[in-house]
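> need a 3D model of the following:
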Amino acid sequence: MGTVPDGDQAGLPNGGFTTPPSSPPRVEQSLLDMIAHQPRAPNLHGLQRLQKKAPDAGTASKELEGMERSLSATLTSVARRRGPTVTRGSLPASPRDEESGFLANHWPASDAGLKPTTVFHNLSPAELYEKALQFDRSAHVVSSGALAVISGAKTGRSPKDKRVVRDGETDANVWWGEGSPNLEMDERSFLINRERAVDYLNILDHVYVFDGFVNWDPAHRMKVRVVCALAYHALFMHNMLIRPTREELENFGVPDFTIYNAGPFPANRYSNYMSSSTTVDIHISRREMVILGTQYAGEMKKGIFSVMHYLMPLQNILSLHSGCNIGPKGDVSLFFGLSGTGKTTLSTDPRRPLIGDDEHCWGPNGVFNIEGGCYAKCIGLKPQSEPEIHRAIRFGTVLENVVFEDDTREVDFDANNITENTRASYPIHYIDNVRLPCTGPHPKNVILLCCDAFGVLPPVSRLSEPQAMYHFISGYTAKVAGTEVGVTEPEATFSACFGGAFLLWHPMKYAAMLAEKMEKHGATAWLVNTGWAGGSYGTGNRIKLSFTRAIIDAIHSGELLAAEYTNTPVFNLKVPKKCPGVPSSLLMPEAQWADKAEFRKTLDNLADRFRRNFVQYEGGGAYISKDIADKIKGAAPV
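As a prediction, this is how the structure comes out:
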């Protein structure tokens, strides 16, 4: 919700301009046209009004009228004869720094053409707060101490505007064609977009640079540089990447990957391969990423994840869209699931230290987190149900697109005035019970989560190896009525490997690697349904979180592994007859339905959707043998 349809103009430059006019000019019609189709607000001023709930709803504040600067007033060519002034933390670079090669070390040849006047390099969170409050009119400090911001017209990712450069390296490796999330572009078009981003960054009085790492395993660590126009984007990546020590920063050198985030400035819609004024471009060979036309910070996080999805399998390391925690005996569990299935909630367990909530790798020595932070969805967040996440929202946290009271600055986590996709970004050590460094041994349990709104899948079932591969590749959950316009009944959603939008290789490659590692290290796969029982959405009831937690506890204790099982029809799932803390009648879905004929009809309907979705993967993508492909196909519902 709140995302501009493809083809509309994306975010406005509400940050990065350093000199407010003495008497604010009127907004130009061209700027109004850029956001004319925002569903919940007619323009940027309206969007900012949605952010604050006035104490008196009958009086509308007009303070923001006319305060948006025109783009045309800023498009002045400026000749840069000298390099940038670099401000590191709270200390400006001294002549001694320049003599010792600081600028050469931290502004290498790979950044050729990027010559801003001032660079704010790895500022502290407090300094980034100051810059955000100074230059971004949507930035506010809320009562918890977090920084609340608006991401502009784009309040979610733009998957149809994501491009991957197709060249000699990626042509044979990347998953292209039907079912693939990877839309191609050529190198020349990438360089045109890169030039546009660099030109925009060069006209600003200052840019922000953050240097950090991905991958907690030192043997596979990569250096990432982020160059951006907005202070909140720098703070976001300060939270999401692994933060270097002072010594590591001094010796950072040339990055392994660079992001040029010119999100406040639109792409040229008439350039080749462009489908709108938004573009998110990845060039694997150059190790670069360019963002234009969207200020949604999640594009940076997921862009890096996509790159890891390509690079890690080349080293026989499996990249995974999953949560991960570890028990007192060193038993690691992986949690897979799409939005709304409970992946973040269930992996954040006060009795099991968190390794990470979203992105991991499974390598030769075990698992490690890719990120240094968490990006939790916070719509409906309550301290009673998710206390660890609620406590993490404090000074240093970025709150994206939330609504707060105008006078008290208290956040209303239930409000969706701007979007349902409200987010909180915070460093992982803000979680009370976290494992640092974020690494662990080989997983013992692989838990696939789905929210079955049809109400026909059991709350828990144990999967065979072919079933684990089948359900991993399928990546099923369901949307419920009312979540999107036009959705009037449950709608099946499939995302390969529970993260189809971020895959660079064919799904079968990841599934084959998962099966190999599970077999080698003796991991058990489980399918856990956090959705409905006793009927579909609107008739049945959602399975209580307390029951799901009891199921997860029984998996971790080993009680379910030793349980007696029975099989379900059609999907042929092994279901335990008993589970501590869960009514036995709940374990078999059919027993919960009053109308058995309707149950079977609904079950067959869902099975048919599974089968039709899987057709595109049946060939195996040349990553597995025909025998294994047939075995996986045999795990489909019948």
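
> who touches the host helix or strand of Glu248?
Secondary-structure element containing Glu248, defined by DSSP states H and E: helix 246-250. By C-beta atoms under 8 Å, 6 or more residues apart in numbering, the residues outside helix 246-250 that reach it are 122, 211, 213. C-betas here are computed from N, CA, C, even on glycine.

> convert the helix or strand following that helix to PDB, retaining C-alpha atoms only.
For helix 246-250, the succeeding helix or strand toward the C-terminus, using DSSP H and E, is strand 257-262. What follows is strand 257-262, C-alpha atoms only, in PDB (Å, rounded to 0.1, in the frame of the first residue of the first chain):
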ATOM      1  CA  PHE A 257      31.100  -2.900  -3.800                       C
ATOM      2  CA  THR A 258      29.800   0.600  -4.100                       C
ATOM      3  CA  ILE A 259      26.200   2.000  -4.000                       C
ATOM      4  CA  TYR A 260      25.400   5.300  -5.600                       C
ATOM      5  CA  ASN A 261      22.100   6.300  -4.100                       C
ATOM      6  CA  ALA A 262      20.700   9.300  -5.900                       C
END
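
> partners of strand 257-262, with directions?
Here strand 257-262 is paired, per DSSP bridges, with strand 222-228 (parallel), strand 288-292 (parallel).

> how about those in TSV, adding mean pLDDT and mean neighbour count?
TSV is the format used below for the strands paired with strand 257-262 (pLDDT from 0 to 100; neighbours: other C-beta atoms under 10 Å):
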stretch	mean pLDDT	mean neighbour count
strand 222-228	97	23
strand 288-292	98	26
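
> Gly500: what's it in contact with?
So Gly500 contacts 181, 475, 494, 507 (C-beta under 8 Å, 6+ apart).

> if you rank those by neighbours, which is first?
With neighbours taken as other C-beta atoms under 10 Å, the top of these is Pro507, carrying 26 neighbours.

> distance check, the nearest residue to it once chain neighbours are set aside against Tyr623.
Once flanking residues are discounted, Pro507 sits nearest to Ala496: 4.0 Å by C-beta to C-beta, 6 or more residues apart in numbering. Ala496 sits 13 Å away from Tyr623, going by C-beta to C-beta, to the nearest Å.

> and those two? Which one has more around it.
The neighbour comparison of Ala496 against Tyr623 (other C-beta under 10 Å) goes to Ala496, with 26 against 17.

> so that one sits against Ile473, correct?
Yes. At 5.7 Å, Ala496 counts as touching Ile473 under the criterion of C-beta atoms under 8 Å.

> give the intersection of the neighbour lists for those two.
Common contact partners of Ala496 and Ile473 (C-beta under 8 Å, 6+ apart): 507, 617.

> contacts only, for the residue nearest to Pro507.
Residues in contact with Ala496, defined by C-beta under 8 Å, 6+ apart, are 179, 473-475, 503, 507, 617.

> okay, now the unreliable bits of this protein?
Along the chain, the parts satisfying pLDDT under 70 run over 1-40, 54-84, 89-112, 481-489.

> may I ask you to name the longest helix in it?
Taking DSSP state H as the criterion, the chain has its longest helix at helix 596-614.

> can you list the domain ranges for this structure.
As assigned by automatic domain parsing, the chain contains the domains 95-308+374-431, 442-633.

> which one, of these, ends up nearest to Asn325?
Among these, domain 442-633 comes nearest to Asn325, with 9.3 Å by C-beta to C-beta.

> what's the first-to-last distance across the closest one?
27 Å (C-alpha to C-alpha, to the nearest Å).

> and if you look at stretch 228-246?
End-to-end distance of stretch 228-246: 21 Å, with C-alpha to C-alpha as the criterion.

> and if you look at stretch 150-159?
By C-alpha to C-alpha, the extent of stretch 150-159 from end to end equals 20 Å.

> in that stretch, what counts as buried?
Under the neighbour-count criterion of 16 or more other C-beta atoms under 10 Å, stretch 150-159 has 150-158 buried.

> and stretch 241-258, by the same measure?
For stretch 241-258, by 16+ other C-beta under 10 Å, it's 241-244, 249, 252, 255, 257-258.

> gap between that stretch and the chain center?
23 Å (C-alpha atoms, centre = their mean, to the nearest Å).

> what's around the nearest residue to Ser546 once chain neighbours are set aside, how many residues?
Ranked by C-beta to C-beta, 6+ apart and with sequence neighbours excluded, the top spatial neighbour of Ser546 is Gly581, at 7.6 Å. By other C-beta under 10 Å, the residues close to Gly581 number 11.
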